[in-house]
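**Q** no sequence for this one, just the structure:
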């Protein structure tokens, strides 16, 4: 892989955002009591940390898809591939935030989603995750093991989705227990992409022509 094809700054910034987002979501999964200060309304307390994590994840995916400065993102120059990466981040954000013209409303966590919505959302997330991962692999702009980072996230998303769309109760319970794998995979994927941004590949040396 040529050095010019590696979007270093994009990988550094996007990877860092994903690593932070995954770490925040993982903290929420294991320590929900740290959701928010006590002075926040109860309806906001349970959803604030996941919403912040989702916002950071969306920002990271947008950076990775679009690129930083003159760099193209990890999906290359094709607009559909770029849109898939950004849409995957937006889909993770959508269940947590509703953006009104002059108001940001955090969805309260009380009560399950209606069955059609609760089934559709995990499927949409999974489909976009897989499509974005394939687009990044096809672009070939991420070096080393980091090229599989979004594939890891998609696989863990599939496991977590079992809690909502599992065909049996046992699989649903298994998906619920393994749900923390998904934020962990986001943190690992971010770390891999961040490390990939630091890779320096030697430029190809073109031999100089000798003067006749």
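**A** That came in fine, so what should we check first? Model, not experiment: these values are computed from the prediction. Residues are numbered from 1 along each chain as shown.
**Q** state the number of residues packed around residue 137.
**A** Per other C-beta atoms under 10 Å, the neighbour tally for residue 137 reads 16. Glycine gets a C-beta too; all of them are placed from N, C-alpha and C.
**Q** contact partners for it?
**A** 147, 148, 151 (C-beta atoms under 8 Å, 6 or more residues apart in numbering).
**Q** the last one contacts residue 135, correct?
**A** No: between residue 151 and residue 135 there is no contact under C-beta atoms under 8 Å: 11.2 Å.
**Q** so between the two, which is more surrounded?
**A** Neighbour count, other C-beta under 10 Å: between residue 151 and residue 135, residue 135 has more, with 22 against 18.
**Q** find the nearest non-adjacent residue to that one, please.
**A** residue 81 (3.9 Å; C-beta to C-beta, 6 or more residues apart in numbering).
**Q** remind me what the helix or strand encompassing that neighbour packs against, helices and strands.
**A** Using DSSP states H and E, residue 81 falls within helix 79-93. In terms of contacts (3 or more C-beta pairs under 8 Å, 6 or more residues apart in numbering; DSSP states H and E), helix 79-93 is packed against helix 42-66, helix 115-139.
**Q** show me where pLDDT drops low in the chain?
**A** Across the chain, the ranges flagged by pLDDT under 70 are 1-4, 31-47, 95-119, 163-168, 171-172, 175, 200-212.
**Q** related to what we said a few turns ago, out of the contacts of residue 137, who's nearest residue 89?
**A** Residue 89 lies nearest to residue 151 out of those, by C-beta to C-beta, at 15.9 Å.
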